[in-house]
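Novice: From the sequence below, what's the structure:
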Amino acid sequence: MSMFRKAYSVVGALLILEYLTQFYLIATAIFTLAQAYFENQGQPSSKAIYGSFKNADSIASLHIFNGYVVIPITTLVLIGLSFAARRPRKTTGLTALLLVLLVLQIALVWLGIPGVTALHALNALVLLSLASWLTWTNWAWRTQSVPTKPVEAIPSPRAP
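Specialist: This next block holds a predicted model:
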């Protein structure tokens with residue numbers, strides 16, 4: 001088993017963890033913002049709103065750093081490992097599609113059109129699904145089943 005195939009599997013699993021971290025970070029930021037609303041029975045003061053935004057800002061900054069720096073680097077490494085591991089063209093193409101979807105992910109944020117920007121979350125699910133499928137189907141430590149020959153039928157004895 002190639003070292004590059006193992007590295008592809010490890011980096012693929014790392015990429016999945018980075019995507020899940022993105023979901024965790026944005027959910028934490030959203031619930032931090034919502035905390036001001038719920039703590040004040042639906043009537044938060046401007047001070048409470050400011051405080052919740054201040055608390056959520058550092059979490060959202062981690063989300064942005066992970067999405068703009070860490071995930072793109074990991075995706076590029078995964079594409080390189082796909083070539084190095086001599087994966088089939090289909091696998092390498094789908095791995096490169098992760099980068100295309102990531103560029104689309106960033107573009108959806110920069111558009112700033114609420115209805116279009118909402119597709120950011122759906123695209124994130126597509127990214128997570130594709131990365132998970134690629135990692136699962138190309139897992140390097142899976143035991144390969146050896147195809148067996150079909151058992152030939154034993155001829156029945158002829159009646160005299």
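
Novice: and the residue nearest to the spatial centre of the chain, what helix or strand is that in?
Specialist: Central residue of the chain (Cα atoms, centre = their mean): residue 128, 2.9 Å from the mean position. Element membership for residue 128 (DSSP states H and E) is helix 119-137.

Novice: my guess is the residue nearest to the centre of the chain meets residue 18, correct?
Specialist: No - assessed by Cβ atoms under 8 Å, residue 128 is found out of contact with residue 18, at 9.9 Å. For glycine as for every other residue, the C-beta is placed from the backbone atoms N, C-alpha and C.

Novice: tell me the angle the lengthiest helix in the chain makes with helix 119-137.
Specialist: Counting by DSSP state H, the longest helix found in the chain is helix 3-39. Inter-element angle recorded for helix 3-39 and helix 119-137: 150 degrees (by axes from the mean of the first three to the mean of the last three Cα atoms, to 10 degrees).

Novice: Next SSE downstream of helix 3-39?
Specialist: helix 46-65.

Novice: Where does the prediction get shaky in the protein?
Specialist: Residue ranges of the chain with pLDDT under 70: 1, 144-156, 159-160.

Novice: now with 80?
Specialist: Applying pLDDT under 80 to the chain picks out residues 1, 36-44, 142-160.

Novice: re the thing from before, check the offset of the helix holding residue 128 from the chain's centre.
Specialist: Here the centre of helix 119-137 is set off from its chain's centre by 5 Å, with Cα atoms, centre = their mean, to the nearest Å.

Novice: again, but for stretch 3-10
Specialist: 17 Å.

Novice: For that stretch, which residues meet the burial criterion?
Specialist: Going by neighbour count (16 or more other Cβ atoms under 10 Å), the buried part of stretch 3-10 is 4, 5, 7, 8, 9.

Novice: Adding distance to residue 50 as columns, could you present those in JSON lines?
Specialist: Below are the buried residues of stretch 3-10 laid out as JSON lines (distance: Cβ to Cβ, whole Å):
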{"residue": "4", "distance to residue 50": "51"}
{"residue": "5", "distance to residue 50": "51"}
{"residue": "7", "distance to residue 50": "46"}
{"residue": "8", "distance to residue 50": "46"}
{"residue": "9", "distance to residue 50": "46"}
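
Novice: Which one of the residues you listed is nearest to residue 104?
Specialist: Nearest to residue 104 among the buried residues of stretch 3-10, counting by Cβ to Cβ, is residue 8 at 23.1 Å.

Novice: That closest one contacts residue 87, correct?
Specialist: Yes - contact criterion Cβ under 8 Å: residue 8 and residue 87 qualify, at 7.1 Å.
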